[in-house]
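Enquirer: I'd like to go over a predicted model; first the sequence, then the structure.
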Amino acid sequence: MLEKGCISSIQFYMVSLMIVLGTYIIYVPSLSIRFGGRDAWLSPIVAGGIGLAVMLTMVVLNNYFPKQTPIEYLQTIFGKWLGSIFGAYLIWVVLKLFAIIMREVADFTVTAALPRTPPEIITLLMLLVVLYVTRKGIEVICRFTQFVVIIELIQIVASVLLLASKDLDFAHLTPLFENGTGPLLRSSFLVSGWTGELFLAGFFLPFIRVKHGTVKSAFWSVITLTALLFIPIFFVIGVFGDVLGSRMLFGLYEVARYISIAEFLERLDPIVMGSWIMFVFCKLIIFCYAASLGLAQLLRFSDYRPMVSIVCVVAFTMNEQLFVNQGDLTYYFSTAHPPFVFLIEIIFPLLILFTAMLRQKWKGESHAQP
Amino acid sequence: MRSFPFIQRLKKRSKDALKDLSRSDSLHTEGSSDKPIQFIDRNLHINKDYLQTLFGQCSDIVIHEIQMINGMKLLLIKVDGLSDSSYFDELVLKPLMYGNGVNPQMGKHLLQSIEDFMQRFIPIGQTEIVTTLTDVISRTLTGETLILIDGYDEAIAVSAKKWEHRTPDEPSTEAVVRGPREGFVENIRINTALLRRRIRTPHLKMESMKIGRITKSDVVLAYIEGVVTDSVVDELRSRLKRIDTDGIIDSGYLQEFIEDEPYSFFPQIQETERPDTAAAHLLEGRCVVLADGSPFALIAPINLWGALQANEDYYQRFMPATVIRWIRYVFTAIALLFPSLYIAITTFHQEMLPTNLILSLAAAREASPFPALVEALIMEITFEALREAGVRLPKSVGQAVSIVGALVIGQAAVQAGIVSAPMVIVVSITGIANFTIPRYSFALGIRMLRFPFMILAATFGLYGIVIGLIALIGHICSIRSLGVPYVTPIAPFNAAGIKDTLYRAPWFLMNRRPRTMGYQNSERIPKGQNPSPPNRLTGEKEDS
């Protein structure tokens, strides 16, 4: 195998949290309110179910091929040529998501903190650090994620959410299902675009050292994730209501701005910004690692490290070319993104699983016959 | 003329020996196999001439020939100042020369062997027989007194060493309010004794090795067998054995050879001047390396959090210790980030501050001619220079420096309007915060890392600081100390380790050793020792 490191199941748990949570906090709350109105805060329940399906699909696939990443077992399942084509497509998707995340960070930083800095500089600085950490290998990536989860998640939950709970108005959250279940399903469709990203766990599952904790940590990661996804939307609706909340660009960021206690503890948005950039870094590193590892496996390299810089350069160009401006990005998220990721992140893994099962069955029969 | 062939042989041999000395590899402690071993000659004069040539201009080496009462010739070799002459003379020389206990009629042949001689006439416990001249030389240089006897090809090494050293007094770098006041000294024997006195078990192993081709310094690797993970000891031992250098003057030399990631601001090996700290780490399943000539012991493997824990945390009651530990965490962050946060906020994010505060800040900064970064750099570098000046200067002059520093830099610069008053406050708080870090080498790294953060803050504001922090976290997550991840109880996560990281649990609850180091014998303190009041009716303790 290209990667010699191994991770523990608790590290896998935290990596799975970060795969989704990274970009979720800032963009999704407002977008989901735009789709689902007042009922949007329930959408993580449905989306979490979808995430669980994706996660379990990856776990079952990992049971079939314990030491292989998706790129490798695609070639086992579909044969060398078709498998490589599917693998290349998968890598392209990961690359595109990587570029989108990068764009999100750059846009957010420019809007929220540094309005006169060119976004390219911000992205380049970010990529340098991503490059540095990704090249250190899976163990460092997981430790980094763990560090950030433990330090930052506690911080963001403790500081922002506890302080903002003063401004919560539960009247904003009712009545439920005023317009039927349609809005809820629509916002769930959007949110499942993020929970579906859990298919990336397939790149980390083969490296778990002690396998028997895998299912448990995979299951609990999705459960924890659903709870964590629920909080930001809940707070945005609770503090601002659905009308105001849907018009905002960065929901939770505005919540943090809104905090004012004793005329001294106010304007906590830099804390949110700092924590969130750390979260996004975890996600960026995870995606960059998956893309470079996959690429190296597809091209049969003996080391994934040379691929990291290639992935970074390609993603940098993609992030420049994909969107014209921030409005374009938000428009993409609310129109093309959900069906695209639904197809590739949810239908595609199920398809792989189905084929693998068929193959297994066919293989079992063929073994039985002679 | 009889001695002519001997002289030829002698000259050749001493020339070889000198050549050996000048050749670097023969000075290596491990001893290269191609080096000829010089055996002791039966003829005392050959040995004497050889040694005299070898120790040519060494005025401190005493090579002294004496005659026993029965006519036997002895050759004594010792280093003046390292060997205990009066003790040796009284116990060994006097009886031999004046005949106290030696039969004057006893001829040479009556001595069966050199062992026999040693057992009968050397009333000193630590004696040993050596057979090669190389050994004679190396043992002489460690302070032992060597006795060569005419007619025998063996020598006796008598360990009568004595040299001046400090008494173990309170270490100046790691002072405590409550706790033992002994410190390591430069003498390695006293240091090992200080450890042994605290840990009285045969499982406390102290492996000795000599490092340094020229200095041949004693290095001791101490660990508690059965508690420490064997692979860690093996790794440390192999790293120590791998060192090929001309000399070890301080344990700092060793440290750079055996660290996992030398290109880092974070020390992966902790140094301590306190035997109690070293003993506590030994009990946790770590290794301690002592080097002769250095009062600083090295401890490995360590983690990041260990650098923020003082030994006094464990002597004080646990609740105040926890609070103090948290103050230390917060002030470490301040020491690293406060100047850069000040720069970022005053340059990019003024809206973050409460209105009144930003008004008074702006008023104070109005007169200042420099941008915040320049101002901060001037002040921080001046502060570093003041600190450096204060360290090296004699105490009487040092006071003058602090007066000049405080008055001229602090007062005058603000009054002259060169720097703003808030900047002085920031610099002072940063300086104080840095002193809260218990480990000097770690604090030094944090001090240096301030500067890149300040530049990042001035270029990208808070975003720059966050990027810097991310790179820093990535770095500390990637380094290891003897193979143990540097941020260990947090990442990789270990719930039991949190007891000694986020807070200091009371002793009766710290049931297990740190998992990454001492898992062989993981139970440290059996459960159920919480103190509780006695049940008055039965007189027995309540079950906890």
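Expert: Received, thanks.

Enquirer: Okay, strands next: where are they in the chain?
Expert: Because you didn't say which chain, this covers chain A. Along chain A, counting by DSSP state E, strands occupy A:260-261, A:265-266.

Enquirer: Chain B, not that one
Expert: So, for chain B - with DSSP E - the strands run B:61-67, B:73-79, B:127-130, B:145-149, B:155-158, B:204-211, B:217-224, B:270-272, B:287-291, B:297-300, B:480-481, B:484-485.

Enquirer: Between these, which one is closest to B:Thr53.
Expert: Nearest of the strands of chain B to B:Thr53, taken as Cβ to Cβ: strand B:61-67 at 10.6 Å. All C-beta atoms are positioned from the backbone trio N, CA, C, and that covers glycine.

Enquirer: quick one, which of the strands of chain B is nearest to chain A?
Expert: For the strands of chain B, the distance to chain A is smallest for strand B:484-485, at 6.2 Å, taking Cβ to the nearest Cβ.

Enquirer: picking that back up, so of the strands of chain A, which one's packed in deepest?
Expert: strand A:265-266 (a mean of 15; mean count of other Cβ atoms under 10 Å in any protein chain shown).

Enquirer: Can you name the residues of chain B that neighbour chain A?
Expert: Residues of chain B lying close to chain A by Cβ under 8 Å from any Cβ of the partner chain are B:348-349, B:351-352, B:354, B:460-467, B:469-471, B:473-475, B:477-478, B:485, B:487, B:490-493.

Enquirer: Turn the strands of chain A into TSV, including distance to B:Ile432.
Expert: Below are the strands of chain A laid out as TSV (distance: least, Cβ to Cβ, whole Å):
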stretch	distance to B:Ile432
strand A:260-261	28
strand A:265-266	24
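
Enquirer: Mean pLDDT and distance to A:Phe340 for these - can I get that in a markdown table?
Expert: As requested, those are exported to a markdown table (pLDDT from 0 to 100; distance: least, Cβ to Cβ, whole Å):
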| stretch | mean pLDDT | distance to A:Phe340 |
| --- | --- | --- |
| strand A:260-261 | 76 | 40 |
| strand A:265-266 | 70 | 40 |
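
Enquirer: With distance to chain B added, can I get those strands in JSON lines?
Expert: As requested, these are arranged in JSON lines below (distance: least, Cβ to the nearest Cβ, whole Å):
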{"stretch": "strand A:260-261", "distance to chain B": "10"}
{"stretch": "strand A:265-266", "distance to chain B": "7"}
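
Enquirer: so which of the ones you listed gets nearest B:Glu186?
Expert: For B:Glu186, the closest of these is strand A:265-266, at 53.3 Å, according to Cβ to Cβ.

Enquirer: residues making contact with stretch A:61-69?
Expert: Counting contacts by Cβ atoms under 8 Å, 6 or more residues apart in numbering or on different chains, the residues outside stretch A:61-69 that touch it are A:1, A:70, A:72-73, A:76, A:202-203, A:205-206, A:211, A:214, A:293-294, A:297, A:349, A:352-353, A:356, A:360.

Enquirer: low pLDDT regions in chain B?
Expert: Residues of chain B meeting the criterion pLDDT under 70: B:1-37, B:100-112, B:515-520, B:535-544.

Enquirer: most residues in a single helix of it, which one?
Expert: In chain B, assigned by DSSP state H, the helix with the most residues is helix B:440-478.

Enquirer: which secondary structure elements does it contact?
Expert: In terms of contacts (3 or more Cβ pairs under 8 Å, 6 or more residues apart in numbering or on different chains; DSSP states H and E), helix B:440-478 is packed against helix A:119-134, helix A:138-148, helix A:269-298, helix B:318-347, helix B:372-392, helix B:421-435.

Enquirer: any idea of the angle it forms with helix B:372-392?
Expert: In terms of direction (axes from the mean of the first three to the mean of the last three Cα atoms, to 10 degrees), helix B:440-478 departs from helix B:372-392 by 130 degrees.
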